[in-house]
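Colleague: Sequence plus predicted model, see below.
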Amino acid sequence: MSELPVLSVSDFIGLVNQTLDLAYGSVIVEGEISSFRVAKEKYVYFDLKDDSATVNCFMTVYQLRTPLEDGMRVRVYASARLTEWGRFSLVIRAVEPVGEGALKKALELLRAKLEAEGVFDPARKRALPEYPERIGLITSADSAAAADFIKITGERWAGLSIQLVDVLVQGVDAPDHILAAIEHFNQMSQPPEVLVIIRGGGSADDLAAFSTEPVVRAVAGSRIPTVVAIGHETDLALAELAADLHASTPSNAAELLVPDKKEVLAQLGSLRQQIGKWLESGVSLKQAELKQMKQEIIQAMSLRIGGIEHELTLKRTLLDALNPMKVLQRGYAIVRIEGRAIASVRKLKISEAADIEMRDGIARTEVRSVEAG
Amino acid sequence: MADTTKTYAALNTELDEVLAHLQSDVDIDQAIVLYEKAQKLITEIEDYLKAAKNKVEKVKLKFR
């Protein structure tokens, strides 16, 4: 018998784990979940099985991106480990549902959970800025989705500043990338006015990152209003339900977010004509008012002048009536002594010269006698 | 030349204010001043929309 080293149990387990690290440091295993349970609200245990074998799995609750349950087919990203109690298990880094059935089930479970919490409540939706100036864009920088969004915002609007964070938009690491990008923008001292999260079409598996719990919660909890447009599917990703606005495609996101400058320029053209008409009508109105005022003044003046003239006529008539010289026409005479009119015989002296003015001349006389009445 | 330091939102708000004033009870002299101001603002906005460009900046983050 060859000489083999004698190992303690701990050393043996340590050696096995070293070997496992070297040979199977990182594995991906696919199977069906059974005996799923959560202990102390922190630790997740389940068995992963196929038709003929079973392996124990362990992970923490914080690593769970999506609800799991028995019967679900999943893929686990893990490392193999022999515990100090001699139990072999897979220590899971990430787990994702596999196949349409499992994905759909996971989605249903998560949607129900988040709906019950009010994460998708329409009352939570915030208004987007009418004329955004700064946009935070989260997507794959080299994707058609990014190109479409940038092209259409460029055609429709002007003066935008777009900060683009390049992220993975599918695969097991995608949720971490998307979360980091959302956090980056939310922590800026001068954050953008709106966050746009987009990706183009793909299978349900491809789009799964946008229906993981951490991503959905990050979208809902973002202090910056969010617009999410994932794929071309009619079924919405959960992040789209949590967003303040969801769009059907990345291009549609651009259309909903910014106005069309062609329409705005046309409206401005109409407005020019409109205010020109306002001014014209205002001037016409003032002109009409002035004309009316002028007529009223003329009318008032005419009445006044007429009144004055009438008054003059009356006074002329009266004056005429009061003209002392008119009295002579009726046969009366004015007696004057030294040019002064005398109204009483008592003022007359015998032998005094008196002038008698009659309607057609003056007679010079001498007072011969006076007889008072 | 249009004041490109002002954003569309700022110019549009200013125009809305002038238009509101123009539609209120102002005398003809004031109306002419406001009319000219509105026309000038419309020109500024048009120039802005035609001339201003969008800026795209790529941000590299370090991921775990």
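Modeller: Okay, I see it. All values derive from a computational prediction rather than experimental measurement.

Colleague: So the spatially closest residue to residue A:30 that is not a sequence neighbour: helix, strand or coil?
Modeller: In space, not counting the residues next to it along the chain, residue A:30 is nearest to residue A:75; the distance is 4.7 Å by CB to CB, 6 or more residues apart in numbering or on different chains. (C-beta placed from N, C-alpha, C; glycine too.) For residue A:75, the assignment made with DSSP: H, G, I helix; E, B strand; the rest coil gives strand.

Colleague: Residue 42: neighbouring residues, count only.
Modeller: In the absence of a named chain, chain A is used. 9 (other CB atoms under 10 Å in any protein chain shown).

Colleague: looking at chain B here, not the other one
Modeller: Using other CB under 10 Å, residue B:42 has 20 neighbouring residues.

Colleague: Secondary structure element for it, which one?
Modeller: helix B:28-51 (DSSP states H and E).

Colleague: Show me what whatever helix or strand comes next after that helix packs onto, helices and strands only.
Modeller: Using DSSP H and E, the next helix or strand after helix B:28-51 towards the C-terminus is strand B:55-59. Judged by 3 or more CB pairs under 8 Å, 6 or more residues apart in numbering or on different chains; DSSP states H and E, the packing partners of strand B:55-59 are strand A:161-166.

Colleague: Please enumerate residues in contact with the strand it packs on?
Modeller: Strand A:161-166 has contacts (CB atoms under 8 Å, 6 or more residues apart in numbering or on different chains) with A:133-142, A:146, A:150, A:153, A:181, A:184-185, A:192, B:54-61.

Colleague: repeat that for 6 Å
Modeller: Applying CB atoms under 6 Å, 6 or more residues apart in numbering or on different chains, the contact partners of strand A:161-166 are A:134-138, A:141, A:181, B:55-59, B:61.

Colleague: My guess is residue A:35 contacts residue A:47. True?
Modeller: Yes - Residue A:35 lies in contact with residue A:47 (CB atoms under 6 Å); the separation is 4.8 Å.

Colleague: more crowded one of those two?
Modeller: Of the pair residue A:35 and residue A:47, residue A:47 is the one with more neighbours under other CB under 10 Å, namely 16 against 13.

Colleague: what about residue A:213, distance to residue A:72?
Modeller: Shown here: residue A:213 relative to residue A:72, a distance of 15 Å by CB to CB, to the nearest Å.

Colleague: quick one: which of these two has more around it?
Modeller: residue A:72 (23 against 18).

Colleague: okay but the more buried one is in contact with residue A:33, surely?
Modeller: Yes - using CB under 6 Å, residue A:72 is in contact with residue A:33, at 5.0 Å.

Colleague: so what sits against both of those two?
Modeller: Common neighbours of residue A:72 and residue A:33 (CB under 6 Å, 6+ apart) do not exist.

Colleague: Give me every residue in chain B lying close to chain A.
Modeller: Residues of chain B lying close to chain A (CB under 6 Å from any CB of the partner chain) are B:7-9, B:28, B:31, B:35, B:38, B:42, B:46, B:49, B:52, B:54-59, B:61, B:63.

Colleague: In PyMOL, how would I select the buried members of those residues?
Modeller: Provided next is the PyMOL selection string for whichever of the residues of chain B next to chain A are buried by 16 or more other CB atoms under 10 Å in any protein chain shown:
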select buried, chain B and resi 8+31+35+38+42+46+49+52+54+56
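
Colleague: Show me what the helix holding residue B:42 is packed up against.
Modeller: Secondary-structure packing of helix B:28-51 (3 or more CB pairs under 6 Å, 6 or more residues apart in numbering or on different chains; DSSP states H and E): helix A:261-322, helix B:8-22.

Colleague: Please identify the most buried of the ones you listed.
Modeller: For those, the largest average neighbour count (mean count of other CB atoms under 10 Å in any protein chain shown) is found in helix B:8-22, namely a mean of 16.

Colleague: now that one: how far from the chain's centre is it?
Modeller: Centroid displacement of helix B:8-22 relative to its chain, using CA atoms, centre = their mean, to the nearest Å, is 7 Å.

Colleague: which residues touch it?
Modeller: With CB under 6 Å, 6+ apart as the contact definition, helix B:8-22 has outside contacts at A:131, B:34, B:37-38, B:41, B:44-45, B:48.

Colleague: Dump those to a markdown table, plus pLDDT and distance to residue A:113.
Modeller: Shown next, in a markdown table, are those (pLDDT from 0 to 100; distance: CB to CB, whole Å):
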| residue | pLDDT | distance to residue A:113 |
| --- | --- | --- |
| A:131 | 91 | 37 |
| B:34 | 88 | 58 |
| B:37 | 92 | 57 |
| B:38 | 90 | 55 |
| B:41 | 93 | 52 |
| B:44 | 92 | 52 |
| B:45 | 92 | 48 |
| B:48 | 91 | 47 |
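
Colleague: Please identify which of the residues you listed is nearest to residue A:92.
Modeller: Distance to residue A:92, by CB to CB, is smallest for residue A:131 among the contacts of helix B:8-22, at 47.2 Å.

Colleague: Grab the nearest non-local neighbour of that closest one.
Modeller: Using CB to CB, 6+ apart, the nearest residue to residue A:131 is residue B:9, at 4.4 Å.

Colleague: From residue A:257, how far off is the residue sitting nearest the centre point of chain B?
Modeller: Most central in chain B under CA atoms, centre = their mean is residue B:11, positioned 1.9 Å from the mean C-alpha point. Residue B:11 sits 20 Å away from residue A:257, going by CB to CB.

Colleague: Please apply the same query to residue A:177.
Modeller: 22 Å.

Colleague: In the stretch 1-150 of chain A, where is pLDDT below threshold?
Modeller: A:1-2 (pLDDT under 70).

Colleague: What residues does it have near chain B?
Modeller: Near chain B, when you scan the stretch 1-150 of chain A using CB under 6 Å from any CB, you find A:131, A:133, A:141, A:150.

Colleague: And those, which is closest to chain B?
Modeller: The nearest member of those to chain B, counting by CB to the nearest CB, is residue A:131 at 4.4 Å.

Colleague: Give me the three-state assignment for the closest one.
Modeller: The three-state label given to residue A:131 by three-state DSSP is coil.
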